[in-house]
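Engineer: Output the structure for:
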Amino acid sequence: MAPVESLTSPLLESVAGVRHAFFTRKGGVSEESQLHSGLNCGYGSEDTPQNVSENRKRAMVSLDLAPESLVTLHQIHSPGVVTAVKPWPRERAPRSDGMVTDRKTVTLGILSADCCPVLFCDPEGTGEQPIIGACHAGWKGALGGVLRTTLMAMRDLGAHLPRIRAVIGPTIAQTSYEVGPEFPVAFLKADPENQDFFIPSQKEGHFMFDLPGFITRDLQKLGLENIDDLGLDTCADEDRFFSYRRSCLNGEKDYGRLLSVIALI
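Structural biologist: Here you go, the predicted structure:
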């Protein structure tokens, strides 16, 4: 069985007392014959709960983190954010898309399959330890303000926005993200400058949307100065990543979910 594979950013690797990872689909126990094969960490797939639990455990063990510390959300493409003070049972996962914490007993986990996982850290935090955050930012959540609400929740814990570092994990890239003629309307209504993130596609009246670019500029407008984009396209790289868009294009009925985590150690 292939070992669990994860990716990191130098922007967060250099922070003492913090561990993070963006896991690929490589490794895990989900069957090779299935659309969710590999390290599928999403209970919402057609994979067995036993496989998903084992995959999550293997991901955590690979980082030398306690499996029981991992918390994930019932993600609903919202601007909602919660402050995690202790792990919660899976069946009681909050319906939200952002999390923050200043506790070493909690590992924040985001699930994705084209939407953007964003990990945050204020290295200085309260002066005693860093403050961390994580959010699930698809187009709806990003436009709705999940980046802002997550940062504001970190600020409420004592973080200082200009110190916060943000890393954009594997997500669907503009070259893979074709949208219909109605899609840009809400973005342009929010800010005409959002036109920068749309280019015409080969299909008349359609566009290619730059989700990571939109997120990057939104973070900059919110006052962040240190932002890293891993620049990895989930839809284009079937070998390494799960992708909802790719599964739709292929007429497939299921897909796995990638896990991204950040923790205080």
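Engineer: Phi first, then psi, for Met99.
Structural biologist: When quoted as degrees, to the nearest 10, the phi and psi of Met99 stand at phi -140, psi 150.
Engineer: Quick check: mean pLDDT of the longest helix along the chain?
Structural biologist: Secondary structure of the chain read by DSSP state H shows that its longest helix is helix 49-62. Mean per-residue pLDDT for helix 49-62: 97.
Engineer: which residue ranges form the helices in the stretch 101-250 of the chain?
Structural biologist: Using DSSP state H, counting those that start in this stretch, the helices of the stretch 101-250 of the chain run over 139-144, 146-156, 184-190, 211-221, 244-249.
Engineer: and these as JSON lines, adding distance to Val52 and mean pLDDT?
Structural biologist: For glycine as for every other residue, the C-beta is placed from the backbone atoms N, C-alpha and C. JSON lines is the format used below for the helices of the stretch 101-250 of the chain (distance: least, C-beta to C-beta, whole Å; pLDDT from 0 to 100):
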{"stretch": "helix 139-144", "distance to Val52": "23", "mean pLDDT": "98"}
{"stretch": "helix 146-156", "distance to Val52": "24", "mean pLDDT": "98"}
{"stretch": "helix 184-190", "distance to Val52": "33", "mean pLDDT": "97"}
{"stretch": "helix 211-221", "distance to Val52": "26", "mean pLDDT": "98"}
{"stretch": "helix 244-249", "distance to Val52": "17", "mean pLDDT": "96"}
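Engineer: These: which one's closest to Ser69?
Structural biologist: Closest approach to Ser69 among the helices of the stretch 101-250 of the chain (C-beta to C-beta): helix 146-156, 19.0 Å.
Engineer: Centre of the chain to that closest one, how far?
Structural biologist: Distance, stretch centre to chain centre, for helix 146-156: 15 Å (C-alpha atoms, centre = their mean, to the nearest Å).
Engineer: what do you get for stretch 125-134?
Structural biologist: Distance, stretch centre to chain centre, for stretch 125-134: 19 Å (C-alpha atoms, centre = their mean).
Engineer: Next: stretch 19-34.
Structural biologist: Centroid displacement of stretch 19-34 relative to its chain, using C-alpha atoms, centre = their mean, is 15 Å.
Engineer: do stretch 46-62 as well
Structural biologist: For stretch 46-62 - counting by C-alpha atoms, centre = their mean - the centre lies 18 Å from the chain centre.
Engineer: Give me the buried positions along it.
Structural biologist: 47-48, 51-52, 54-60, 62 (16 or more other C-beta atoms under 10 Å).
Engineer: show me where the stretch 51-200 of the chain has strands.
Structural biologist: 70-71, 81-83, 98-101, 107-112, 116-122, 131-137, 165-168, 178-179, 198-200 (DSSP state E, counting those that start in this stretch).
Engineer: Turn those into TSV, columns for mean neighbour count and distance to Gly213.
Structural biologist: Below are these laid out as TSV (neighbours: other C-beta atoms under 10 Å; distance: least, C-beta to C-beta, whole Å):
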stretch	mean neighbour count	distance to Gly213
strand 70-71	22	29
strand 81-83	20	23
strand 98-101	28	20
strand 107-112	26	17
strand 116-122	27	11
strand 131-137	30	12
strand 165-168	25	10
strand 178-179	16	14
strand 198-200	14	10
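Engineer: right, so of the ones you listed, which gets closest to Thr216?
Structural biologist: Distance to Thr216, taken as C-beta to C-beta, is lowest for strand 165-168 among the strands of the stretch 51-200 of the chain, at 6.8 Å.
Engineer: list the helices and strands the closest one packs on?
Structural biologist: Applying 3 or more C-beta pairs under 8 Å, 6 or more residues apart in numbering; DSSP states H and E, we find strand 165-168 packed against helix 10-13, strand 116-122, helix 211-221, strand 226-229.
Engineer: hmm, who's touching it?
Structural biologist: With C-beta atoms under 8 Å, 6 or more residues apart in numbering as the test, strand 165-168 has contacts from 9, 11-12, 15, 20, 22, 116-123, 212, 215-216, 219, 224, 226-230.
Engineer: ok, now which ones touch Gly106?
Structural biologist: Actually, residue 106 is Val rather than Gly. Val106 sits in contact with 69, 71, 84-87, 263-264, where contact means C-beta under 8 Å, 6+ apart.
Engineer: Having no further points to raise, I will conclude here.
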